[in-house]
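**Student:** return a 3D structure for these sequence lines:
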Amino acid sequence: MTLFEPKTLLPGVPVGVPRALAEAAISAAQAGAGPVDGEQAAFGGPAGDGQAAFAGPIDEQAIAGAMQTLRRYRAGKAGLERRIVENEEYWKLRHWDHMDQTGTTALKTKSAWLVNVLLSKHADAMDAYPEPTCLPREPGDADTARLLSAVLPVVLGQNDFERVWSDNWWKKLKAGFAIYGVFWDRERLDGRGDIAICPVDPLNLYWEPGVTDLQDSKELFYVRLEDNETLLAAWPQLAGKLGSQSFLPAHYLYDDQVDTSQKTPVIDWYYHRVQNGRRVLHYVKFAAGTVLYATENEDPSDPDSPAVRGLYDHGRYPFFCDPLFPQEGTPGGWGYIDLCKDAQQQIDLMNNAIVANCVAAATPRWLKRGDDGINEAEYADWTRPFVHVQGSIEDSALRQITVQPLSGNYLSILESKIRELKETSGNRDVNNGGTMAGVTAASAIAALQEQSGKLSRDQIMGSYRCFRQVVGCVIELIRQFYDAPRQFRIAGGPEERGFLSLCGRDVPVSFDVEVTAQKQSAYSKLSYNELALQFFQLGFFNPALAPQALAALEMMDFKGKAALSQRIRDNALASAQAAQQAQADAEEPAREKGRAARKQAPRLGATDSLGNQLKRYAHTERARARSAATTQPR
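**Tutor:** A predicted model of the protein is given here:
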């Protein structure tokens with residue numbers, strides 16, 4: 001993977017150089033002007049030809065200063081690196097080499113109580129695999145927020161983020177922290193480039209000692225070993241310079257025999273500059289004291305040049321740290337191995353003593369007098385039916401050594417140490433499927449797990465905070481580098497599948513990112529299902545009981561409560577409308593019959609209160625006629 005590094009399109013010319021200028025420089029070199037390199041092709045010809053060629057600020061002297069800073073950063077990180085390497089040995093059950101073995105036997109028993117803690121916590125993290133949702137900050141951004149919410153899982157899936165999440169959680173549990181790297185990989189998609197998200201080994205990243213947030217470090221260095229042949233193929237100017245290993249990052253104690261003699265450390269150097277009142281991120285790649293690429297060496301007269309804009313528009317280091325148990329003065333933290341290694345050591349020491357006692361008791365040993373005349377070889381061989389002796393045998397000639405069994409108090413102490421490790425780590429039996437006697441209902445098991453899983457939820461929320469930063473960085477890279485619309489296939493149900501188009505120019509400046517768990521544990525699903533059945537049995541979905549059901553829901557708290565309340569309201573409203581329509585339909589025949597009867601009945605005059613027809617006078621009729629005529633249009 002290329003972390004925003006130049007890819008050679010023309011011999012010796014890095015990406016970003018105008019092709020016409022590069023071809024002109026190469027033609028001049030072929031005509032006898034001398035060899036051409038990336039800087040000459042970019043800024044106007046070979047050095048020393050009298051032209052006003054731009055000389056970038058990153059040269060060998062700057063690299064020498066960066067190496068001094070890197071060594072100082074490594075010295076400040078030495079203690080952390082030793083702890084990380086030692087913790088990896090505990091994970092591989094090789095911790096006896098790091099324990100005080102005074103008074104122990106040659107037998108070295110190993111128990112995996114601490115490993116079981118890591119396995120359980122990692123399973124909790126995978127059950128809570130995150131899913132991002134973008135929330136708009138302005139009403140006009142709602143459509144783009146929905147589009148990003150659909151596209152982001154696709155981008156994460158293209159980076160196999162579930163594997164990244166899993167790998168980093170192993171690092172977080174063992175080393176105490178994990179680091180995510182979010183880069184723009186220019187070699188992806190046949191040179192069009194795309195976002196790359198990967199786990200970063202803490203042993204390969206160096207920051208300023210004393211800072212708590214990586215973004216506060218003055219400079220940042222990412223070091224990795226590359227094969228010499230690969231480096232020469234990409235950068236011919238390194239010929240004759242490779243092989244120097246004056247700086248090597250710390251490494252784990254591998255099972256394989258790792259040969260690094262044909263490798264050279266390649267260093268990515270990140271730092272900030274304040275330009276025009278803006279904090280700009282710059283980047284340098286170098287190896288063997290040679291600059292391979294530097295953003296500040298690009299053309300500063302071009303406003304879109306990395307020398308002006310920096311490596312990324314968001315201006316942050318592309319590394320995000322996720323600590324488990326935070327510590328002051330370092331971006332890292334403590335892990336479960338650091339927290340529980342003492343209890344694990346004590347458990348193994350007591351296990352070792354108990355097993356040694358069992359072996360001694362199960363292996364008979366004898367006190368033998370020198371003149372007893374017994375053939376020792378035949379006596380010790382249980383397959384020999386006969387044992388030869390000389391002379392008579394006395395009881396005092398041979399006596400078995402009695403091994404005193406250990407008291408039950410020692411076993412109780414061992415059990416208490418195991419419980420201590422479980423309680424300290426929060427890895428109780430109920431987390432692993434065990435239950436108390438008599439607890440069989442899924443809802444009760446889920447309640448126990450809910451209570452015992454507080455530690456895991458708190459730690460996963462910390463990872464969600466880091467995940468929000470990762471997603472925010474992904475959105476920023478989409479805005480900067482998706483300069484043309486890109487098509488994404490959206491997964492989902494049969495009615496939800498389709499294709500969406502997204503362009504960086506359409507992405508607003510800022511979004512709020514909400515993170516939710518994509519999956520739930522089996523017991524949580526059963527608990528929700530049982531709750532839904534209880535609601536049904538209690539009549540919560542009966543429209544006639546909607547007011548009582550809504551009153552009960554107001555006093556409850558569970559996932560999906562708002563949606564359920566709205567569904568009950570909608571059902572009650574729909575039921576009331578249906579009842580009104582049914583009543584209207586039932587009354588319609590009677591109304592129709594009344595209208596027909598009124599049409600057929602003879603017209604009667606006015607009547608009194610008893611129904612008797614009143615006598616009509618002529619002058620009254622005339623007055624009524626004149627009154628009606630005055631309202632008619634003329």
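
**Student:** surely Val515 is in contact with Glu131?
**Tutor:** Yes: between Val515 and Glu131 a contact is recorded at 7.2 Å, counting by Cβ atoms under 8 Å. Every residue, glycine included, has its C-beta placed from N, CA and C.

**Student:** contacts only, for the residue nearest to Gln469 when sequence neighbours are not counted.
**Tutor:** Computed as Cβ to Cβ, 6 or more residues apart in numbering, the closest residue to Gln469 that is not its neighbour in sequence is Phe320, at 4.8 Å. Counting by Cβ atoms under 8 Å, 6 or more residues apart in numbering, Phe320 touches 179-180, 182, 214, 466, 469-470, 473.

**Student:** could you rerun that using 10 Å?
**Tutor:** Residues near Phe320 by Cβ atoms under 10 Å, 6 or more residues apart in numbering: 178-182, 200, 213-215, 331, 465-470, 472-473.

**Student:** hey, what's in contact with both of Val515 and Glu131?
**Tutor:** Common neighbours of Val515 and Glu131 (criterion: Cβ under 10 Å, 6+ apart): Phe467.

**Student:** quick revisit: assumed the residue nearest to Gln469 was part of a strand.
**Tutor:** Yes: counting by DSSP: H, G, I helix; E, B strand; the rest coil, Phe320 is located in a strand.

**Student:** any idea how far it is from Pro202?
**Tutor:** 13 Å (Cβ to Cβ, to the nearest Å).

**Student:** shared neighbours, these two?
**Tutor:** 178-179, 331.

**Student:** buried residues in stretch 502-514?
**Tutor:** Using 16 or more other Cβ atoms under 10 Å as the test for burial, stretch 502-514 gives 502, 504, 506-508, 511, 513.

**Student:** which residue ranges of the stretch 151-300 of the chain form strands?
**Tutor:** With DSSP state E, counting those that start in this stretch as the criterion, the stretch 151-300 of the chain has strands at 177-185, 194-200, 205-207, 219-227, 263-275, 278-287, 290-294.

**Student:** reformat those as TSV; add mean neighbour count.
**Tutor:** Shown next, in TSV, are these (neighbours: other Cβ atoms under 10 Å):
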stretch	mean neighbour count
strand 177-185	23
strand 194-200	20
strand 205-207	25
strand 219-227	18
strand 263-275	18
strand 278-287	19
strand 290-294	20
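
**Student:** adding mean pLDDT and distance to Lys368, write the ones you listed out as CSV.
**Tutor:** As requested, those are exported to CSV (pLDDT from 0 to 100; distance: least, Cβ to Cβ, whole Å):
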stretch, mean pLDDT, distance to Lys368
strand 177-185, 96, 61
strand 194-200, 95, 63
strand 205-207, 96, 65
strand 219-227, 94, 62
strand 263-275, 93, 62
strand 278-287, 94, 71
strand 290-294, 93, 76
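
**Student:** ignoring the adjacent residues along the chain, who's closest to Leu411?
**Tutor:** Nearest residue to Leu411, sequence neighbours excluded (Cβ to Cβ, 6+ apart): Ile354, at 7.3 Å.

**Student:** so Lys263 sits right up against Val223, yeah?
**Tutor:** No: Lys263 is beyond contact range of Val223, at 11.6 Å (criterion: Cβ atoms under 10 Å).

**Student:** any common contacting residues for these two?
**Tutor:** Leu248.

**Student:** give me the residues contacting stretch 87-107.
**Tutor:** Contacts of stretch 87-107 (Cβ under 10 Å, 6+ apart): 85-86, 108-112, 114-115, 118, 170-171, 173-176, 203, 252-255, 334-338, 340-341, 344-345, 348-349, 351-353, 355-357, 359-360.

**Student:** could I get the buried residue list for it?
**Tutor:** Buried-residue list, stretch 87-107, by 16+ other Cβ under 10 Å: 87-91, 95-96.

**Student:** quick check, nearest of the residues you listed to Asp570?
**Tutor:** The shortest approach to Asp570 among those belongs to Trp91, at 53.1 Å (Cβ to Cβ).

**Student:** any idea how far Arg479 is from the closest one?
**Tutor:** Relative to Arg479, and taking Cβ to Cβ, Trp91 is found at 40 Å.

**Student:** okay, helices next: where are they in the stretch 1-150 of the chain?
**Tutor:** Secondary structure of the stretch 1-150 of the chain by DSSP state H, counting those that start in this stretch: the helices cover 19-28, 38-43, 60-76, 78-91, 113-127, 142-158.

**Student:** state the mean pLDDT of the shortest one.
**Tutor:** Translated: helix 38-43. Average pLDDT, helix 38-43: 32.

**Student:** in PDB, could you pull the C-alpha coordinates for stretch 176-190?
**Tutor:** Output in PDB follows, covering the C-alpha atoms of stretch 176-190 (Å, rounded to 0.1, in the frame of the first residue of the first chain):
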ATOM      1  CA  GLY A 176      -3.400  -1.300  26.100                       C
ATOM      2  CA  PHE A 177      -4.100   0.800  22.900                       C
ATOM      3  CA  ALA A 178      -4.600   0.500  19.200                       C
ATOM      4  CA  ILE A 179      -3.900   2.900  16.400                       C
ATOM      5  CA  TYR A 180      -6.000   3.400  13.200                       C
ATOM      6  CA  GLY A 181      -4.400   4.800  10.000                       C
ATOM      7  CA  VAL A 182      -6.600   6.600   7.500                       C
ATOM      8  CA  PHE A 183      -4.800   7.500   4.200                       C
ATOM      9  CA  TRP A 184      -5.400   8.300   0.600                       C
ATOM     10  CA  ASP A 185      -3.900   5.400  -1.400                       C
ATOM     11  CA  ARG A 186      -3.100   6.700  -4.900                       C
ATOM     12  CA  GLU A 187      -2.500   3.300  -6.400                       C
ATOM     13  CA  ARG A 188      -6.000   1.900  -5.700                       C
ATOM     14  CA  LEU A 189      -8.600   1.500  -8.500                       C
ATOM     15  CA  ASP A 190      -6.000   1.500 -11.300                       C
END
